[in-house]
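Q: got a sequence here, can you build the structure:
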Amino acid sequence: MKKQRKGFYHFSQAGFVESEVPVPFYVNGTGISQSARGKIEQKRGILNQSSGFLWVLSGTLEIYDGPKLVTAEPGHVCFSLAGEDLWHRVLSEECTFRWLTLAGPLAEAVLLSYRYSRHQIAGNPYPEKLFRRLDALMNNDSPLYTRIKSAIALEILAYAAGDDWHASENLRTIDNALTLIRSNLSNPELGVAFLCERLNLSPATLNRLFQRQLDCSPGRLILDRRLQLGMGLLAGSDQSIAEIAGKCGFRNSKTFSRFIRRATGFNAREYRLRKRAENNTSPTGALSAGAAAAEAGTGRAPRI
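A: Numbers count the residues shown, from 1 in each chain. Now for the predicted structure:
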């Protein structure tokens, strides 16, 4: 029987007798929910007798998951099990998501057997045609179509496969951090505190993400990028040392020159003269900035 009310509509299956149609699980509900900003849906665990998932189609949804809140956007698939408290709130102007619930002897086991993350980003397009077919069959409880509905649910679950949401969030955080570093190398304030403030992370969390993904600390990466830029400009440009120091985030050329000395053994002026002399004697002409940095030594920034 199809039910409707303002801002929300769903399809519900009529009652069935499990013993009459022996299948591992039954599709006992599916539909689309559309809600406006601030709308909260919740259900206590004792009233939640079905396992299932929701697939965000548009907007942003905040979902309760134990002690934390997860922000789900289009493409996110979020799973839940029978007996768990359900709670979510719409953060965007409007949010639309598809939901599917399963019941029966092995409903929970089937979901767990896929070993999906509870919150993940689907790696495949939303299977609209499969859901529409399922919608059309929800009122038919014959043994054949009860089994077909279970089979369609398994096919939908295949489309839900994707990347762990937490892992994807970590990669996006690293990408955002690298973008901040690239665009702020000339800013003397660029550092761990600068990144943490803009990414809304603690220093420990930021350092852990960098060590895990890049095998270095954020502070070390900033120094390395400044060193690469400084060495490249000294070797391959006619800009003054003061100008180069400013582009590398140093307030004065003396500090920048000491920085170059710790990495190469030469201060900024000596390094530039050395590289120009090498270029004049090189049979291939001027070295690229990258080659100059590579030939200068380790190419690793000193600690300052």
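Q: all strands of this protein, in order?
A: For the chain, the strands defined by DSSP state E occupy 2-5, 8-12, 26-36, 40-43, 51-58, 61-65, 68-72, 76-80, 86-90, 94-103, 119-122, 162-164.
Q: may I see the ones you listed organised as a markdown table, with mean pLDDT added?
A: Formatted as a markdown table, the strands of the chain follow (pLDDT from 0 to 100):
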| stretch | mean pLDDT |
| --- | --- |
| strand 2-5 | 41 |
| strand 8-12 | 40 |
| strand 26-36 | 93 |
| strand 40-43 | 88 |
| strand 51-58 | 95 |
| strand 61-65 | 87 |
| strand 68-72 | 83 |
| strand 76-80 | 93 |
| strand 86-90 | 91 |
| strand 94-103 | 95 |
| strand 119-122 | 89 |
| strand 162-164 | 76 |
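Q: and among those strands, the most buried is which?
A: strand 76-80 (a mean of 23; mean count of other C-beta atoms under 10 Å). Bear in mind the C-beta positions are built from the backbone N, C-alpha and C, glycine included.
Q: note down every partner strand of that one and its orientation.
A: Sheet pairing here is set by DSSP bridges, and for strand 76-80 it gives strand 51-58 (antiparallel), strand 119-122 (antiparallel).
Q: for it, which outside residues touch it?
A: 48, 51-56, 61, 63, 65, 70, 72, 86, 111, 116, 118-122, 160, 162, 165 (C-beta atoms under 8 Å, 6 or more residues apart in numbering).
Q: just the angle between that strand and strand 86-90, please?
A: 150 degrees (axes from the mean of the first three to the mean of the last three C-alpha atoms, to 10 degrees).
Q: from residue 251, how far out is residue 187?
A: 11 Å (C-beta to C-beta, to the nearest Å).
Q: want to try a markdown table for the strands paired with strand 76-80, with distance to residue 96 as columns?
A: Formatted as a markdown table, those follow (distance: least, C-beta to C-beta, whole Å):
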| stretch | distance to residue 96 |
| --- | --- |
| strand 51-58 | 5 |
| strand 119-122 | 15 |
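Q: out of these, nearest to residue 257?
A: strand 119-122 (47.1 Å; C-beta to C-beta).
Q: residue closest to the middle of the protein?
A: Central residue of the chain (C-alpha atoms, centre = their mean): residue 169, 2.5 Å from the mean position.
Q: what score does that residue have for pLDDT?
A: pLDDT for residue 169: 75.
Q: report the residue ranges of every domain in this protein.
A: With domains defined by automatic domain parsing, the chain comprises 2-160, 167-295.
Q: now stretch 190-197: how far from the chain's centre is it?
A: 20 Å (C-alpha atoms, centre = their mean, to the nearest Å).
Q: give me the buried positions along that stretch.
A: When burial is assessed from 16 or more other C-beta atoms under 10 Å, stretch 190-197 yields the following buried residues: 190, 192, 194, 195, 196.
Q: now that stretch: average pLDDT?
A: On average, stretch 190-197 scores 96.
Q: what's the spacing between residue 161 and residue 116?
A: Here the criterion is C-beta to C-beta. By it, residue 161 lies 7 Å from residue 116.
Q: the more surrounded of those two?
A: Neighbour count, other C-beta atoms under 10 Å: between residue 161 and residue 116, residue 116 has more, with 18 against 13.
Q: next, the contact list for the residue nearest to residue 62 when sequence neighbours are not counted, please.
A: Leaving aside its sequence neighbours, residue 62 sits nearest to residue 89 (C-beta to C-beta, 6 or more residues apart in numbering; 4.7 Å). Contact partners of residue 89, counting by C-beta under 8 Å, 6+ apart, are 38, 39, 40, 41, 61, 62.
Q: what segments of the stretch 101-250 of the chain are helices?
A: Ranges of helices within the stretch 101-250 of the chain are 107-113, 128-137, 143-159, 165-183, 192-199, 203-214, 218-236, 241-247, based on DSSP state H, counting those that start in this stretch.
Q: to residue 260, which of the ones you listed lies closest?
A: Going by C-beta to C-beta, the one of those nearest residue 260 is helix 218-236, 6.2 Å.
Q: next one: stretch 264-274 to chain centre, how far?
A: Centre-to-centre, stretch 264-274 and its host chain are 42 Å apart (C-alpha atoms, centre = their mean).
Q: cool, and stretch 122-137?
A: Put simply, stretch 122-137 sits 24 Å off its chain's centre (C-alpha atoms, centre = their mean).
Q: okay then, goodbye and thanks.
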